[in-house]
Every structure is written in C-alpha cells, then in structure tokens.
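Trainee: Structure here, sequence nowhere to be found:
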Ligand SMILES: *[C@@H]1O[C@H](CO)[C@@H](O)[C@H](O)[C@H]1NC(C)=O
C-alpha cells in the first residue's frame, strides 16, 4: 500500500470510528487506525496491516485483539485520557501468541513537555529484543518483581504531537506475567530519579502490541474476575494514605500506598503506609 492509499484508509476509518462509538461491540477487521470512547474508557488501535489484525471493543473495560500469521505492527487497548499515576489491575484472560513474532502486554502511554512514549511491560514474547543495545538506567522493585529501566529515542517518528523526536521510557518486568496489579506510581517515581521525568500525561492504555506471528488476547481492566481490594468501577485502585492499613492477616483492603509512602509490616496482623 502506498502512502496516499494508507492516508485514505486512515481518513475513512477515522470517520467510521465516530459512528461505531455508538455500538456496543464494534469488531473492525481491516481497520488501520481508530480511537474514541467506549463504556467511558478511552480506546485506541492502529495496525500497519489492518486486514491481518482485528480489534474489538467488548463490554465495560474489556477488549480483544486477534492477529493472523505475519501481521505487521499493531497496538491497541483501552484505558484513560488523560492517564494518571493511579494503580491499575489488568487481567488478560487469554493471551496466546505464536513464538515467531513479538508481542507484549503493557501499560502504555504518553506525556507532553517533555514528549515521552512510555511502557511498563508486564510480559514480552519477543523474537527481537526491543531494548537490545540500550544501557540499563536502573531497576525498580514493584508488584513482586524487579523491572529493568531503559531509555531510548525516536527521531522524526509518529507521536501524539505529530511527527516528532521524543524519548521512550521502558520498565520491563523480569518475571513476566499476564495479569496483575500494576503500581504505576512506582515506575513514574523510579524513572524520575534516574533523569527520566514525565510531563503532562496524555492517554494511557492497557495495551497489547505485536509484530509478526499470530495470536489473540482478551483483556479485562478492573476487578474481574477476582481483582484486588478497593476496586473502583473505573478499574483504578484507590491506594492507602500515609499511616493507613495496607496489609496484615485477614485484611482485605487495598495493598498499595499513595506516592512517597511504602507499606511497612508492623506485625502479623498489621502493615501500614509510611513515608
Ligand atoms: C528529522 O527532521 C529534521 C527536521 O525536518 C531534519 O532536519 C532531520 O534531518 C531529520 N532527521 C532524520 C534522522 O531523519
């Protein structure tokens, strides 16, 4: 497909997206680029080869993506616009990807001023290492694993501000998982301490990305089926303020602490958030 026909497809699907927002389920095989609001969640999807990848908005915060053999690059997901440092529970119910391609599940978003594309990568099945050759900037221990922190740069690439040169921030979980509670603030804070600040947050999604191979994913964002405590209907989790309880035998409330505090064990029955 040449550039002009790509652009025409893009313009046609942008117009179709506004109409499809009214639909509960809008399977969109052949779509190259869409975004909008569905059940109150921001969603966005784009694919190099729209015929090979199908993004479907499901009820509430859920979505699914199927990609066929040798699909080009795609990214899609649901989340919020703007994003925030509040924690997210994400539950891909099914994540099946062939080993010949690259696919990942991440919290993906943007900031402006500075312009940054960031990813907290929860699982990465990769034929090609996306951070090959990059220098480790640091690590952060969060939600049961160490994450490696990397920084890279894109020159004259597509961004939320049009074609620009911008930084990419990465936290890549060492022990991959397909679902769980992601304390986003831990990553934002860790990045800031190694000279990787974010500016004003743009959109933020629980993303599935892929390139090549084939696969399918269905993602729930929120408390289904048995999410973490104190689940808000938005899929965000309200973290505990300083001095509040965040753990202990029999405790069923939130286990994350607000920014600049951590959950400290007092005894078997009581942990609390301390600065
Ligand atoms: C990026 O864009 C600038 C401004 O148009 C141009 O001067 C520069 O050569 C481009 N760099 C690359 C690597 O394409």
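Mentor: Cool, the structure landed. Given the structure is predicted, the values throughout are model-derived calculations rather than measurements.
Trainee: Please make it C-alpha for all contacts and neighbour counts, starting now.
Mentor: OK.
Trainee: so residue 90 bridges to which residues?
Mentor: Taking DSSP bridges as the rule, residue 90 bridges to residue 180, residue 221.
Trainee: List the residues that contact it.
Mentor: Applying CA atoms under 8 Å, 6 or more residues apart in numbering, we find residue 90 in contact with 179, 180, 181, 182, 206, 219, 220, 221, 222.
Trainee: so residue 138 touches residue 148, yeah?
Mentor: Yes: Residue 138 is in contact with residue 148 according to CA atoms under 8 Å; the separation is 6.3 Å.
Trainee: the more surrounded of these two?
Mentor: Comparing residue 138 with residue 148 by other CA atoms under 10 Å, the one with more neighbours is residue 148, at 18 against 14.
Trainee: For that one, grab phi and psi.
Mentor: Dihedral pair for residue 148: phi -90, psi 140, per degrees, to the nearest 10.
Trainee: residues touching the nearest residue to residue 101 once chain neighbours are set aside, list them.
Mentor: Once flanking residues are discounted, residue 101 sits nearest to residue 213: 3.9 Å by CA to CA, 6 or more residues apart in numbering. By CA under 8 Å, 6+ apart, the residues touching residue 213 are 67, 68, 69, 70, 71, 97, 98, 99, 100, 101, 102.
Trainee: right, and the third one touches residue 214 too?
Mentor: Yes: counting by CA under 8 Å, residue 214 is a contact partner of residue 69 at 4.6 Å.
Trainee: So between these two, which is more surrounded?
Mentor: When residue 69 is set against residue 214 and neighbours are counted by other CA under 10 Å, the residue ahead is residue 214, at 23 against 15.
Trainee: I'd say that one and residue 103 touch.
Mentor: No: under the criterion of CA under 8 Å, residue 214 is not in contact with residue 103, lying 9.2 Å apart.
Trainee: So for those two, which residues contact both of them?
Mentor: residue 97.
Trainee: buried subset of the contacts of residue 213?
Mentor: Neighbour counting with 16 or more other CA atoms under 10 Å marks 67, 68, 71, 97, 98, 100, 101, 102 as buried within these.
Trainee: circling back to that earlier point, most neighbours among the contacts of residue 90, which one?
Mentor: That'd be residue 206 among those, by other CA under 10 Å, with 29 neighbours.
Trainee: The residue nearest to it when sequence neighbours are not counted: what's it in contact with?
Mentor: In this structure, residue 206 finds its nearest non-sequential neighbour in residue 107, 4.7 Å apart by CA to CA, 6+ apart. Contact analysis of residue 107 by CA under 8 Å, 6+ apart lists 119, 120, 121, 122, 204, 205, 206, 207.
Trainee: so which of those comes closest to residue 166?
Mentor: residue 119 (13.8 Å; CA to CA).
Trainee: pLDDT wise, what is that closest one at?
Mentor: Model confidence at residue 119, given as pLDDT, is 96.
Trainee: Within the helices and strands, which one has the most centrally placed residue in the chain?
Mentor: Closest to where the C-alpha atoms of the chain average out (CA atoms, centre = their mean) is residue 107, at 1.9 Å. Taking DSSP states H and E as the definition, residue 107 sits inside strand 102-112.
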